[in-house]
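A.B. asks: Coordinates for the following, if possible.
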Amino acid sequence: MAVDTSSKTSGSPRGRGNSPAAGPRPRRRTSRFWVKIVVALLLVVEVYPLVWMFLTSLKSNSDYLNHSTWSLPTTWEWGNYTEAWTTGHIGLYVRNSLFAVVPALALILLLGTAAGFALQIMVWKGRNLTLLIFLAGIMVPAQMILLPLFTVYFQAGLSGTLWPLILTYTGTGLPLTVFMMATYYKTVPRELFEAATIDGAGILRAFWTISVPLVRNAILTVGLVQFFFLWNDLLIALTFTNNQDLRTIQVGLLNFTGDFGATQYGPLFAAICINVFGTLVIYLFLNQKVMKGLTSGAVKG
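C.D. replies: Numbering: from 1, shown residues only. Got it, this is the predicted structure:
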C-alpha cells in the first residue's frame, strides 16, 4: 500500500506540472507571430512613402505625367537634385533656416535650462506663480500674436531681416522648454547642490558644473524636439519673410513650383527629399540620446 500511494502521489504532480508548461508555448509563438506581422505592416507604412518620394525625385517630367505614379523611372534623373539646389535656391533656403533656427534654439536651451534650474532647485518666493505664468504661454495660439508682432517688428525696423524669426521662435519655444526642464530637474538629487554649497560653490558654478552635466540628455531631447518644431514651421516664417532672399526651407518649398512652373515635379520632389532625409539623418544619429532623455525624467534618482 505504501508503494502504491507513493507512486500515485509522485506521478500526479508530474502530470499536473507538465500540462500547464506545454500549454502557453503555442500561444506565445502565435502572439509573437502577430506582433511581427504588425511591426512589418507599420514598417511598410513608414518606409514605403519615403521610397516612393525618392524614386519620384529621380523621374523626368514625361515619366511623371505619362506613366503610372507607382512606376519606376525610365531614366534616372540625378540632375534633379542639382537643379533643385542651384536653380531652385534650396541651398539658400536651407542656409536661411539654419541662420534662423540655430540661434533661436541656442537661446531657448540656455534660457529654458536656466529657468528650469531656478524654478526647481533654487528656493525663492513666487516661483510657483512664475512657473504657472510660463505654462500659460503654452496655451496662447501662435496665430493670435502674429499681427501684433508684425507691427512691432515693422516699427522697430527689423523687417527685412531674420531677427523677427529668431525672436519669435525663442518666445514661442520657451514655455514648453521651461516646463520640460523643470520636470527633469525634479529628478536631480538636492543633496548634490547642498554639498556644493557647503564646499563654497556659488549659484552659477552649481548650475554649469553640476546641473548641466546631469541633465545633458534632457537638454539634447528638448533641443531635438524644438529643432523639429522650428525647422518645420511655416506660419511664422511665411508671415515675417517678405522676399525670396529670406525664405526658409518650408516657405521655399511652398513657392517652389513658381520657380520651375507647375510641371517640373522632379526637382520639386528632389527638394522635398533634401528636406526630409536631412532631418531624418539627424534623428537617426541622435535617437539613442533622445530615448535616454525621455526616460531620465520618469525615474527619480
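A.B. asks: where does Thr74 fall, phi/psi-wise?
C.D. replies: The phi and psi values for Thr74, taken as degrees, to the nearest 10, are phi -80, psi -30.
A.B. asks: Can you list the low-confidence ranges for this structure?
C.D. replies: For the chain, the stretches with pLDDT under 70 are 1-27, 257-263, 289-301.
A.B. asks: my guess is Phe227 meets Val101, correct?
C.D. replies: Yes: using C-beta atoms under 8 Å, Phe227 is in contact with Val101, at 6.6 Å. Using the backbone N, CA and C atoms, a C-beta is placed for each residue, glycine as well.
A.B. asks: For Lys36, the count of nearby residues, please.
C.D. replies: Residues near Lys36, counting by other C-beta atoms under 10 Å, number 10.
A.B. asks: how far away is the residue nearest the centre of the chain from Val251?
C.D. replies: The chain has Val225 as the residue nearest its centroid, 3.4 Å off, counting by C-alpha atoms, centre = their mean. Distance of Val225 to Val251, computed by C-beta to C-beta, to the nearest Å: 22 Å.
A.B. asks: cool, Thr168 as well?
C.D. replies: For Thr168 relative to Val251 (C-beta to C-beta), the value is 14 Å.
A.B. asks: Please apply the same query to Pro73.
C.D. replies: Pro73 is 29 Å from Val251, by C-beta to C-beta.
A.B. asks: got it, and Gly137?
C.D. replies: 25 Å.
A.B. asks: Also Arg95?
C.D. replies: With C-beta to C-beta as the criterion, Arg95 and Val251 are 13 Å apart.
A.B. asks: what does Leu238 give?
C.D. replies: Taking C-beta to C-beta, one finds Leu238 at 5 Å from Val251.
A.B. asks: For these two, work out which one has more neighbours and name it.
C.D. replies: Each of Leu238 and Val251 has its neighbours counted (other C-beta under 10 Å); Val251 has more, 22 against 16.
A.B. asks: does that one really touch Asp233, like I thought?
C.D. replies: No: counting by C-beta under 8 Å, Val251 sits too far from Asp233 to count as a contact (9.3 Å).
A.B. asks: on that earlier part again, more crowded one of Phe227 and Val101?
C.D. replies: Shown here are Phe227 and Val101; by other C-beta under 10 Å, Val101 has more neighbours (25 against 21).
A.B. asks: In terms of helices and strands, where is the more buried one?
C.D. replies: Using DSSP states H and E, Val101 sits within helix 90-120.
A.B. asks: ok, back up a step: any idea how far the residue nearest to the centre of the chain lies from Trp52?
C.D. replies: Taking C-beta to C-beta, one finds Val225 at 27 Å from Trp52.
A.B. asks: Likewise for Thr82?
C.D. replies: When Thr82 is compared with Trp52 (using C-beta to C-beta), they lie 22 Å apart.
A.B. asks: What of Val215?
C.D. replies: For Val215 relative to Trp52 (C-beta to C-beta), the value is 40 Å.
A.B. asks: Neighbour count: the two, which is higher?
C.D. replies: Val215 (23 against 13).
A.B. asks: Would you mind measuring from the nearest residue to the more buried one once chain neighbours are set aside to Asn66?
C.D. replies: What sits nearest to Val215 in space, not counting adjacent residues and going by C-beta to C-beta, 6 or more residues apart in numbering, is Tyr184, at 5.2 Å. According to C-beta to C-beta, Tyr184 stands 55 Å off from Asn66.
A.B. asks: which of the two has more neighbours?
C.D. replies: Neighbour comparison, Tyr184 and Asn66: the larger count goes to Tyr184, with 22 against 10 (by other C-beta under 10 Å).
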